[in-house]
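Peer 1: A structural model of the following input is requested.
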Amino acid sequence: MEEKKEEKAQAKPVEFEKLEPGAEKKEPQNLDLILDVVVPVSVELGRVNVPIEQILEWGPGTVIQLDKFAGEPVDILVNNKLIAKGEVVTIDENLGVRITSLIDRLGRIKQLG
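Peer 2: Just a heads-up that it's a prediction; the model follows:
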């Protein structure tokens with residue numbers, strides 16, 4: 001009978017890249033894989049808290065006063081996460097939003113957690 005030799009696995013310590021505060025992240029090399037993914041984009045013109053009793057009285061022509069004034073910046077959200085600020089513009093008879101500032105990369109990453 002042949003005797004089987006037991007081979008012992010050799011464990012090696014894992015080596016990780018050193019992380020330093022403020023170190024810039026590298027852009028993912030496979031970004032092309034998601035460039036055609038569709039995500040919801042919304043613009044928040046304002047908010048208001050209203051009692052249900054008042055909502056039940058609404059009908060055509062009801063005006064809802066929001067917490068923003070005309071000319072104030074609006075929030076631009078992607079997947080319900082704030083990514084930019086903008087201002088409402090009119091193009092012919094359509095409404096649009098001009099981006100005036102983007103949330104910095106670090107701010108966007110913090111929102112994910």
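
Peer 1: Contacts for the top strand by length along the chain, please.
Peer 2: Using DSSP state E to define each element, the chain has its longest strand at strand 81-91. With contact meaning C-beta atoms under 8 Å, 6 or more residues apart in numbering, strand 81-91 is reached by 43, 45, 71, 73-77, 95-103, 108, 111-112. Bear in mind the C-beta positions are built from the backbone N, C-alpha and C, glycine included.

Peer 1: by contact count, what packs against the least confident helix or strand in the chain by mean pLDDT?
Peer 2: Lowest on mean pLDDT, DSSP states H and E among the helices and strands of the chain sits helix 105-112, with a mean of 73. Helix 105-112 sits against strand 81-91, with contacts defined as 3 or more C-beta pairs under 8 Å, 6 or more residues apart in numbering; DSSP states H and E.

Peer 1: mind listing what the strand it packs on pairs with, with the direction of each?
Peer 2: The pairing partners recorded for strand 81-91 under DSSP bridges are strand 74-78 (antiparallel), strand 94-102 (antiparallel).

Peer 1: Compute the inter-axis angle for the longest one and helix 105-112.
Peer 2: Note on geometry: by axes from the mean of the first three to the mean of the last three C-alpha atoms, to 10 degrees, strand 94-102 and helix 105-112 are set 110 degrees apart in direction.

Peer 1: Name the residues of strand 94-102 that are buried.
Peer 2: For strand 94-102, the neighbour count (16 or more other C-beta atoms under 10 Å) marks Val97 as buried.

Peer 1: do the same with the shortest one
Peer 2: Residues 74-76 are the ones in strand 74-78 that count as buried (16+ other C-beta under 10 Å).

Peer 1: Quick one: mean pLDDT for that strand?
Peer 2: What strand 74-78 shows for mean pLDDT is 90.

Peer 1: Over to stretch 43-61?
Peer 2: 91.

Peer 1: repeat for stretch 14-29
Peer 2: Mean predicted confidence for stretch 14-29 is 66.

Peer 1: distance of the most centrally placed residue in the chain from Pro40?
Peer 2: The centroid of the chain falls nearest to Lys81 when counting by C-alpha atoms, centre = their mean (3.3 Å). Using C-beta to C-beta, to the nearest Å, Lys81 is found at 11 Å from Pro40.
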